[in-house]
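> sequence plus predicted model, see below.
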Amino acid sequence: MDLKEYKSEILLLIRKVFIWGLGAILIISAVVLFFCKVFKVIDIEWPEYFYIGL
């Protein structure tokens, strides 16, 4: 395995980790917001685009 292949493998791995991390953050924040809404922890006014997103 030469250096060029090695570099592209690392970049691919970093990209995968970044995408998965971003997805996880989005899912966790959505769940937290949902529970806050259900248990009336903080009163959130849901924007219209959020409903469209769901």
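Nice, thanks for sending it over.
> contacts, neighbours, all on C-alpha from now
Fine.
> and the pLDDT for Phe34?
For Phe34, the model assigns a pLDDT of 81.
> now the helix or strand hosting it, how far from the chain's geometric center?
Per DSSP states H and E: Phe34 is located in helix 3-38. Between the centre of helix 3-38 and the centre of its chain there are 6 Å (C-alpha atoms, centre = their mean, to the nearest Å).
> buried residues, that helix. List them.
Within helix 3-38, not a single residue qualifies as buried, counting by 16 or more other C-alpha atoms under 10 Å.
> just checking, what packs against it?
Based on contacts counted as 3 or more C-alpha pairs under 8 Å, 6 or more residues apart in numbering; DSSP states H and E, there is no element that helix 3-38 packs against.
> low-confidence stretches in the chain?
In the predicted model, the chain carries pLDDT under 70 at residues 1, 40-54.
> if you set the cut-off to 80 instead, what comes out?
Scanning the chain with the threshold set as pLDDT under 80 gives 1-3, 35-54.
> please determine how far Ile10 is located from Leu3.
11 Å (C-alpha to C-alpha, to the nearest Å).
> my bad, Val17
21 Å.
> cool, Phe35 as well?
In terms of C-alpha to C-alpha, Phe35 sits 48 Å off from Leu3.
> now Ile14
From Ile14 to Leu3 the distance is 16 Å (C-alpha to C-alpha).
> ok, Ala30 next?
41 Å.
> just Phe39 next, same as before
54 Å.
> same question for Gly21.
27 Å.
> repeat that for Cys36.
Per C-alpha to C-alpha, Cys36 is found 49 Å from Leu3.
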